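> Need coordinates for the below:
(2 chains)
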Number of protein chains: 2
Amino acid sequence: MSGHISVIGIGPGAPEQITPQAHTALAGAEALYGYGPYLNRIPARPGQTRHASDNREEADRATAALRHAAQGARVALVSGGDPGVFAMAAAVCAEIEAGPAAWREVELEVVPGITAMLALAARVGAPLGHDFCAISLSDNLKSWDVIERRLDAAANAGFVIALYNPASRARPWQLGQAFARLRAHLPDSIPVIFGRAVGRENEHVRITTIAEADPAGADMATLVIVGSAQTRVVKRPRRVPLVYTPRIGEQPRIDQEAPA
Amino acid sequence: MSGHISVIGIGPGAPEQITPQAHTALAGAEALYGYGPYLNRIPARPGQTRHASDNREEADRATAALRHAAQGARVALVSGGDPGVFAMAAAVCAEIEAGPAAWREVELEVVPGITAMLALAARVGAPLGHDFCAISLSDNLKSWDVIERRLDAAANAGFVIALYNPASRARPWQLGQAFARLRAHLPDSIPVIFGRAVGRENEHVRITTIAEADPAGADMATLVIVGSAQTRVVKRPRRVPLVYTPRIGEQPRIDQEAPA
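Coordinates of the predicted model:
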């Protein structure tokens, strides 16, 4: 009666980026939980129930799925990208920690997926080819001050920066503020990549610079990658430019005292 | 005659983590290039040639594959994990930039894969559930000083840290030095996860703390994840503990002056 829950990453959107492991986990579930548009990407199976929820109800979705699994069911919780990167796996772990003892008996399987920054990086070359970080710009659950300190630290130390959750209707100013913050540390020419709906029909990828980057170019479906001082843009005849960060790391730009 | 090169991520080792997109790209190639053990994971196909090389010959492997593609061939370069994360995609881009003009005419496709940190994170819960960074400990191509500054910056700013290339026969002391550096910033209880050969038969995952972490537990096939002050370990009856980093970000520990 201890039940089973799979938290499954289905990648950024292209069906050919869903792993066989994810398909197997989906096929073995009696019940699918998830944000509606993610569930819509999964073909219906006879005898499998579906429980779609709104995007911002992560904790509720995790508890509903866990409650169901704790009854002895095989439950799948569908996540976009990789479930462990700013997605459902941490929410499920948090509910297991906070919930009734029976939830710790549920078998938990996390099925990794292609997270958005890997898919976007692949579209333009290899901007994440050297040390990088991933920062969520959502200040729903952490203070904006923490986010700014992390942007400062990452830019000063020479990390390439992937910005998740750059903007939404409820968070319209954060990306502009982040770009302004980064411009204080980074040369104007630093490449910035906007990727929207990567791998889906309406994919839109744009390469610009930190000086020119327009925060209005991002919404909920967008990922933004900000290069480092080492990141290169290679022009090619009749092709889009390549963007990559070489593995050779020169001295990062340090515009503050190095930590002790 | 411009040719085609696919740089293909086959994930950390489990066949069920190879995407259909990777299989399609592999099937369409006339010639496969790659590090021998990666090529050995790909079933042989009639008419397809194989060009195995040693692990440390990345630039040579990239140039050999590009030279072949520039003759008009369809070439696949096989990479472990994700080709864009400390792997072959950046090496190929660097050779395209440095090489003859004809190489810029070659069609380049990068096929993303499950990178090691995502696979390891999935095995233990969701340690990368909030802001994180990935740092290569290889000082073959960058100075150790740069690596230490990045470790300091990441730990001070509250990032979870994934350490790629933590150790090899030629680089025996770097991980111990990195742990020592991180101990200066992080509480003793910070969780550390060692994952070796994740997804393969001889997989070995170990959860410890930064105080107890033994660098001798890592080799070339190991990935190490160092938690942040927010990372939690949840004990479970008859199951391995869960490790996760909640999306709720409190103030990071700042043991230096915040940047201006």
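
> how about low-confidence regions in the stretch 51-200 of chain A?
A:56 (pLDDT under 70).

> ok, the residue nearest to A:E212 when sequence neighbours are not counted - how many residues close by?
Counting by Cβ to Cβ, 6 or more residues apart in numbering or on different chains, A:E212 lies nearest to A:V192, which is 7.9 Å off, once chain neighbours are set aside. For glycine as for every other residue, the C-beta is placed from the backbone atoms N, C-alpha and C. Residues contacting A:V192 under the criterion other Cβ atoms under 10 Å in any protein chain shown number 26.

> try A:Q230
Neighbours of A:Q230 using other Cβ under 10 Å come to 21.

> what are the ranges of the strands in the stretch 151-260 of chain A?
A:160-164, A:191-196, A:204-209, A:222-226, A:232-236, A:239-244 (DSSP state E, counting those that start in this stretch).

> for the residue nearest to A:S53 when sequence neighbours are not counted, what are its contacts?
For A:S53, ignoring the flanking residues on the chain, the nearest one in space by Cβ to Cβ, 6+ apart is A:R61 at 4.7 Å. A:R61 sits next to A:Y33, A:G34, A:Y35, A:S53, A:L77, A:M88, A:A91 when contact means Cβ atoms under 8 Å, 6 or more residues apart in numbering or on different chains.

> Give me the number of neighbouring residues for the fourth one.
Translated: A:S53. Around A:S53 there are 16 residues (other Cβ under 10 Å).

> try the second one
Look at A:G34: counted by other Cβ under 10 Å, it has 25 neighbours.

> how close does the residue nearest to A:A69 when sequence neighbours are not counted get to A:I225?
Among residues not flanking A:A69 along the chain, A:G3 sits closest, at 3.8 Å (Cβ to Cβ, 6+ apart). Distance, A:G3 to A:I225, by Cβ to Cβ, to the nearest Å: 39 Å.

> Likewise for A:V192?
7 Å.

> again with A:Y33
For A:Y33, the distance to A:I225 - Cβ to Cβ - is 30 Å.

> And for A:S6?
On the measure of Cβ to Cβ, A:S6 and A:I225 end up 29 Å apart.

> Repeat that for A:H204.
From A:H204 to A:I225 the distance is 14 Å (Cβ to Cβ).

> With A:K235 instead?
In terms of Cβ to Cβ, A:K235 sits 19 Å off from A:I225.

> Can you pick out the residue with more neighbours from the two?
A:I225 (26 against 10).

> So that one is in contact with A:G129, correct?
No. At 11.4 Å, A:I225 and A:G129 do not qualify as touching, with contact defined as Cβ atoms under 8 Å.

> which residues do these two both contact?
With Cβ under 8 Å, 6+ apart as the test, A:I225 and A:G129 reach no residue in common.

> What segments of the stretch 151-260 of chain A are helices?
Taking DSSP state H, counting those that start in this stretch, the helices of the stretch 151-260 of chain A run over residues A:174-183.

> can you count the residues close to A:D54?
10.

> hang on, isn't it packed against A:Y35?
Yes. When contacts are counted by Cβ under 8 Å, A:D54 is listed as touching A:Y35 (7.2 Å).

> Show the residue spans covered by the strands in the stretch 1-150 of chain A.
A:4-9, A:31-35, A:49-53, A:74-79, A:107-111, A:125-126, A:132-136.

> and the ones you listed, which is most packed in?
strand A:125-126 (a mean of 32; mean count of other Cβ atoms under 10 Å in any protein chain shown).

> can that strand be found next to chain B?
Yes. On the criterion Cβ under 8 Å from any Cβ of the partner chain, strand A:125-126 is in touch with chain B at A:G125, A:A126.

> elements contacting that strand?
strand A:239-244, helix B:88-98, strand B:107-111 (3 or more Cβ pairs under 8 Å, 6 or more residues apart in numbering or on different chains; DSSP states H and E).

> Switch those over to TSV; also include distance to B:S143.
TSV is the format used below for these (distance: least, Cβ to Cβ, whole Å):
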stretch	distance to B:S143
strand A:239-244	21
helix B:88-98	18
strand B:107-111	28
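
> Let me know which of the ones you listed is the nearest to A:G113.
Among the helices and strands packed on strand A:125-126, the nearest to A:G113 by Cβ to Cβ is strand B:107-111 (14.4 Å).
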